[in-house]
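Undergrad: Generate coordinates for the sequence data below:
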Amino acid sequence: MTPTTLNQKPINDANRLGLDYRAEAERFAYTGPIIDIHTHIGTPDSARLYSEIAELFGVVKTVSMTKLENIDAVTEAMSTEDRLGADRIEFIAVPNYEAAHEPGTFTTDWLYRMEKFREKGCRIVKFWAAPRGRDLHDEAFHMDSPTRKESIQLAYDLGYRIFMTHVGDPDTWFATKYTDARKYGTKADQFKPLEDLLDEYHDVTWIGAHMGGSPEDLDFVQGMLDRHPNYVLDTSAAKWQARELSKHPDRFRAFCERNPGRVLFGTDIVANDKNLDFDLYASRYWTLRTLIETNYDGQSPIVDPDLSMVDPSLDEKSTADLRGAGIRGEALASVYLGAADKVLG
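TA: Predicted coordinates for the structure are as follows:
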């Protein structure tokens, strides 16, 4: 698919190509429903803007990491803006990251919040384990730490049967931000504790966010899927996925075709009152749908800071190459709807 609206809109960091995202949203060949399994919808105002954009791009259900105190207001905002009402959004239990530096946020308060999310009907709980979490709490963000094991067991006892994880980070970050392996570990170090948990909690569905944290190496991710039938993935983090999966789009297509029901569509859109920006939200849907279902070969519209971080000779406003995988038919319907429908029941 070649954009027909190049240079028709003002340029910004979420739209370096000047696309008319409203018009482009209508040009995708797939017109079926989509579930977005991975978002962060923070406030009522951002929920209303997000809901408008999600509808443009065919999203019928959103699963969001929203602060516990904002769940009711965000649900009401989505209900007001969309005919599907409260069925349009479901929530994932998460710690209160707004209080990241307060004592207890990732220990006692997190256990309390996990119970309260469950009381509100939440079925999914997120165990974030990005290496940078160790800057917030030296112990709680290790997947095999006593604190983390306590929270996982509580989630299981409360009846959560869908666990989402963020393990690992981009290779570009291990080459730049995480050079202190004594503190952050190597990228390979991140996954052994997760594999142990996948085996221990074998009756739980685990969602590996961001293509399992390793879109750079789909052979490794395939091994994870082969060893753990309770493990599935999502496509979230648009800049990361566009940059890395565009390097091997044919491999990505073959991967999705080989693993029906195990790759879920997700964007990682962060919507709050500090970034009420139509292009910001729309760019994530346009980029990921272009990557997944088209044969586009051009530039991503989103500024990717990792490019100049790894290669300082590049302009800070550089964007990655974007090459579509051209996924079709049942494999595409599985990524957009079937896999999430199966996981969510």
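
Undergrad: For the stretch 1-150 of the chain, which segments count as helices?
TA: For the stretch 1-150 of the chain, helices defined by DSSP state H, counting those that start in this stretch occupy the ranges 21-25, 44-56, 71-81, 108-119, 146-158.

Undergrad: can you check the stretch 151-300 of the chain too?
TA: Under DSSP H, counting those that start in this stretch, the stretch 151-300 of the chain gives helices at 171-174, 181-184, 191-200, 209-212, 218-227, 238-245, 249-258, 278-293.

Undergrad: out of these, nearest to residue 149?
TA: helix 191-200 (8.5 Å; CB to CB). For every residue, glycine as well, the C-beta is placed using N, CA and C.

Undergrad: Helix 218-227 and that closest one, what's the angle between them?
TA: Helix 191-200 and helix 218-227 are oriented at 20 degrees to each other (axes from the mean of the first three to the mean of the last three CA atoms, to 10 degrees).

Undergrad: if we look at helix 191-200, which residues are touching it?
TA: 129, 142-144, 152, 165, 167-168, 206, 208, 213, 224, 227-228, 230-231 (CB atoms under 8 Å, 6 or more residues apart in numbering).

Undergrad: Let's see that with 7 Å instead.
TA: 143-144, 152, 165, 167-168, 206, 227-228, 230-231 (CB atoms under 7 Å, 6 or more residues apart in numbering).

Undergrad: These into JSON lines, with extra columns for distance to residue 332, pLDDT and neighbour count?
TA: Shown next, in JSON lines, are those (distance: CB to CB, whole Å; pLDDT from 0 to 100; neighbours: other CB atoms under 10 Å):
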{"residue": "143", "distance to residue 332": "32", "pLDDT": "93", "neighbour count": "19"}
{"residue": "144", "distance to residue 332": "37", "pLDDT": "93", "neighbour count": "12"}
{"residue": "152", "distance to residue 332": "33", "pLDDT": "98", "neighbour count": "19"}
{"residue": "165", "distance to residue 332": "25", "pLDDT": "98", "neighbour count": "24"}
{"residue": "167", "distance to residue 332": "27", "pLDDT": "95", "neighbour count": "25"}
{"residue": "168", "distance to residue 332": "26", "pLDDT": "91", "neighbour count": "27"}
{"residue": "206", "distance to residue 332": "24", "pLDDT": "98", "neighbour count": "22"}
{"residue": "227", "distance to residue 332": "26", "pLDDT": "98", "neighbour count": "11"}
{"residue": "228", "distance to residue 332": "24", "pLDDT": "98", "neighbour count": "17"}
{"residue": "230", "distance to residue 332": "24", "pLDDT": "98", "neighbour count": "14"}
{"residue": "231", "distance to residue 332": "21", "pLDDT": "98", "neighbour count": "21"}
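
Undergrad: In strands, which of those fall?
TA: The strands, defined by DSSP state E, take in 165, 167, 206, 231 from these.

Undergrad: can you list these in JSON lines and add distance to residue 119?
TA: JSON lines is the format used below for those (distance: CB to CB, whole Å):
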{"residue": "165", "distance to residue 119": "23"}
{"residue": "167", "distance to residue 119": "28"}
{"residue": "206", "distance to residue 119": "23"}
{"residue": "231", "distance to residue 119": "28"}
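
Undergrad: ok so, going back, for the helices of the stretch 1-150 of the chain, which one sits closest to residue 134?
TA: Each of the helices of the stretch 1-150 of the chain has some distance to residue 134 by CB to CB; the shortest is helix 146-158, at 11.8 Å.

Undergrad: Who are the packing partners of that closest one?
TA: helix 108-119, strand 124-129 (3 or more CB pairs under 7 Å, 6 or more residues apart in numbering; DSSP states H and E).

Undergrad: and the shortest one, C-alpha only, in PDB?
TA: Right, strand 124-129. What follows is strand 124-129, C-alpha atoms only, in PDB (Å, rounded to 0.1, in the frame of the first residue of the first chain):
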ATOM      1  CA  ILE A 124      -5.100  -9.900  33.600                       C
ATOM      2  CA  VAL A 125      -2.100  -8.800  35.700                       C
ATOM      3  CA  LYS A 126       1.100  -7.300  34.400                       C
ATOM      4  CA  PHE A 127       4.500  -8.300  35.800                       C
ATOM      5  CA  TRP A 128       6.900  -5.700  34.300                       C
ATOM      6  CA  ALA A 129      10.500  -6.800  34.400                       C
END
